[in-house]
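1. Sharing a sequence plus its predicted fold:
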Amino acid sequence: MRYSSLVLCVLLAGCASAPPQPPLPAGLLDDTAFPAPAAPVTASDLFTLSPAMSVHLRSRAFQAKLREKGAVRGLLDALYDKRDLQLDYDATRTQTAAQTYAARSGNCLSLVILTAAFARELGMRVRFQSVESEATWTRTETLQLVSGHVNIRLAGRAPQSLSYDPDSELTVDFLPPADAGRMRTRELEQADIVALYMNNRAVEELAQGRNAEAYWWVRGALHARPSTLFAWNTLGVIYQRSDRPLLAERAYRAALERDPDSLVVMQNLAPLLAANGKTAEAEVLAQRIARLYPAPPFHYFDQGMAAWRANDFARARALFAREVARAPYNDEFHFWLGVAHLGLGERERALKQLALARDTSVRADTRERYSAKLAHLRAASAAGMPRPRRD
């Protein structure tokens, strides 16, 4: 199956003091190729508090936490204590602050946006950060999604002062990678967050087959941050899926100008060059991919699936374990390692991996399915236990 690789919730360009943004290259956006959006495509309300949020902020319980624990810790306790608002992590959709509050859940970017909206209303200093951790790859039926990580740093004002209190400053991380405290970060501007949000929305529309809607969202991302690699790559995928291969090629080339070694972009561009009749250039690029990335994401997983389909559960177990070792936060790898253990009659090891699949999943619906599978397996006897299906 042919996959398109996209970047979701990640920033691949930017720095603490962003340089002046270059203008958009001429001829790469073609508004005439897509019907006008049915609803306005905008991020103007991204950090706007809804009336319900304003009421919550002024509530007696909320204000009591601010007085008791200080502005920053009180805000975090009011938003994320399971006994209060009970916000949960769910990577299904990227939302505005008001939408995240209404849904009581969101992905890392949505929770950052929500927290920033409340913090600014309370007069705190807000700093957005990109965490330079290993990107996480996931896969749908036709898309590979590459997720990076963002967090937020807050500081309240010192008592009876207009300056910020350095002792109150905290980093808030909603899904911290291992050793996140020792990882380098880069400060982001609000325009970077807007571009991330709009690119995520484009990817989510694309995953639903709504190419036109995806185009208008990524167009917004590019206007917010013309230098961003991920949005040019998304634009290329949109053009490619809309039967505009030459425009797709130009968009991918614009992305590669920003990062010549990007596996995400090269994986998209190589087969497109071949389809566009540029077979020699495609072969050179394919060789470069093989040289730079001899075992790309899903390499061992795909081999493990082939072994599992051939009922070679021991080989499947070894290959799935290799993917788990290099991508321990991918729930799919844990799930299939558990399936391989089950095929070998290793029930306790299977249960452990299925529990890890549940705990590492970033989607609420997937966590529920894993929980149901775990409950079924724990209730079943070891003898004659059926091989679990992935549904």
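-> Done, it's in.

2. make it CA atoms for all contacts and neighbour counts henceforth
-> Fine.

3. Grab the longest helix from this protein for me.
-> helix 190-207 (DSSP state H).

4. Contacts for that helix next, please.
-> Residues outside helix 190-207 that contact it (Cα atoms under 8 Å, 6 or more residues apart in numbering): 6, 8-11, 14, 43, 46, 93-95, 109, 128, 143, 211, 213-218, 220-222, 224-225, 230-231, 234, 238.

5. Filter those residues down to the ones in helices?
-> 109, 211, 213-218, 220-222, 224, 230-231, 234, 238.

6. By neighbour count, which of these wins?
-> Tallying neighbours with other Cα atoms under 10 Å puts Ala231 at the head of these, with 34 neighbours.

7. For that residue, give me its contacts.
-> Counting by Cα under 8 Å, 6+ apart, Ala231 makes contact with Val7, Ala195, Asn199, Val218, Ala221, Leu222.

8. next one: Ala97
-> Going by Cα under 8 Å, 6+ apart, Ala97 touches Leu46, Phe47, Thr48, Leu49, Ser110, Leu111, Ile113, Leu114, Thr115, Ala117.

9. ok, now how distant is it from Arg153?
-> 17 Å (Cα to Cα, to the nearest Å).

10. again with Leu145
-> In terms of Cα to Cα, Leu145 sits 26 Å off from Arg153.

11. One more: Leu342?
-> Leu342 is 44 Å from Arg153, by Cα to Cα.

12. With neighbour numbers in mind, choose between the two.
-> For Leu342 versus Arg153, neighbours defined as other Cα under 10 Å are more numerous around Leu342 (23 against 20).

13. Name the nearest residue to the more buried one, ignoring sequence neighbours.
-> Spatial nearest neighbour of Leu342, excluding adjacent residues (Cα to Cα, 6 or more residues apart in numbering): Ala350 at 5.5 Å.

14. related to what we said a few turns ago, in CSV: the contacts of Ala231, plus distance to Glu332 and pLDDT.
-> Converted to CSV, the contacts of Ala231 look like this (distance: Cα to Cα, whole Å; pLDDT from 0 to 100):
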residue, distance to Glu332, pLDDT
Val7, 19, 46
Ala195, 28, 95
Asn199, 24, 94
Val218, 28, 97
Ala221, 30, 95
Leu222, 32, 95
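
15. Give the single residue among those residues positioned nearest to Leu57.
-> Ala195 (27.6 Å; Cα to Cα).

16. what's the neighbour count on that closest one?
-> By other Cα under 10 Å, 28 other residues sit near Ala195.

17. Gly148 falls within a helix, correct?
-> No - Gly148 is assigned strand when assessed by DSSP: H, G, I helix; E, B strand; the rest coil, not a helix.

18. What about it, how many residues nearby?
-> Neighbours of Gly148 (other Cα under 10 Å): 20.

19. In this structure it contacts Glu134, no?
-> Yes - with contact defined as Cα atoms under 8 Å, Gly148 and Glu134 form a contacting pair (7.4 Å).

20. longest strand in this structure, by residue count?
-> Counting by DSSP state E, the longest strand found in the chain is strand 125-139.

21. Next, the buried residues of that strand.
-> Within strand 125-139, the residues that count as buried by 16 or more other Cα atoms under 10 Å are 125-133, 135-138.

22. Which strands or helices does that strand pack on?
-> Applying 3 or more Cα pairs under 8 Å, 6 or more residues apart in numbering; DSSP states H and E, we find strand 125-139 packed against helix 108-121, strand 143-155, strand 185-188.

23. export it as CSV, just CAs?
-> C-alpha atoms of strand 125-139 as CSV (Å, rounded to 0.1, in the frame of the first residue of the first chain):
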residue,chain,number,x,y,z
ARG,A,125,3.8,35.4,30.9
VAL,A,126,3.4,32.6,28.3
ARG,A,127,6.2,31.0,26.4
PHE,A,128,5.7,28.3,23.8
GLN,A,129,8.4,25.7,23.3
SER,A,130,9.3,23.0,20.8
VAL,A,131,10.9,20.0,22.5
GLU,A,132,13.7,18.4,20.5
SER,A,133,12.7,14.8,21.1
GLU,A,134,12.5,11.9,18.7
ALA,A,135,9.6,12.3,16.4
THR,A,136,6.8,9.7,16.7
TRP,A,137,5.5,8.0,13.6
THR,A,138,2.0,6.5,13.4
ARG,A,139,0.0,5.2,10.5
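
24. who does that strand pair up with?
-> Strand 125-139 has the following sheet partners, assigned by DSSP bridges: strand 143-155 (antiparallel), strand 185-188 (antiparallel).

25. Could you export these to CSV, including columns for distance to Leu263 and mean pLDDT?
-> What follows is the strands paired with strand 125-139, written out as CSV (distance: least, Cα to Cα, whole Å; pLDDT from 0 to 100):
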stretch, distance to Leu263, mean pLDDT
strand 143-155, 10, 86
strand 185-188, 22, 89
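
26. which one of those strands is the most hemmed in?
-> Greatest average neighbour count among those goes to strand 143-155 (a mean of 22), per mean count of other Cα atoms under 10 Å.

27. what about Trp137, distance to Phe301?
-> Going from Trp137 to Phe301 by Cα to Cα gives 12 Å.

28. list the residues that contact both of the two?
-> Common contacts of Trp137 and Phe301 (Cα under 8 Å, 6+ apart): none found.

29. tell me the angle the longest strand of the chain makes with helix 190-207.
-> Using axes from the mean of the first three to the mean of the last three Cα atoms, to 10 degrees, the direction of strand 125-139 lies 30 degrees away from that of helix 190-207.

30. which residues are contacting strand 125-139?
-> When contacts are defined by Cα under 8 Å, 6+ apart, strand 125-139 is touched by residues 10-11, 116, 119-120, 144-156, 164, 177, 180, 183-190, 193, 297, 327, 329-330.

31. what about it, average pLDDT?
-> Mean pLDDT, strand 125-139: 84.

32. now do stretch 31-41
-> 93.

33. Okay, buried residues for it please.
-> For stretch 31-41, a neighbour-count test (16+ other Cα under 10 Å) marks Val41 as buried.

34. And it, end to end?
-> From its first residue to its last, stretch 31-41 covers 13 Å (Cα to Cα).

35. Could you check how far that stretch is from the centre of its chain?
-> What separates the centre of stretch 31-41 from the centre of its chain is 25 Å, taken as Cα atoms, centre = their mean, to the nearest Å.
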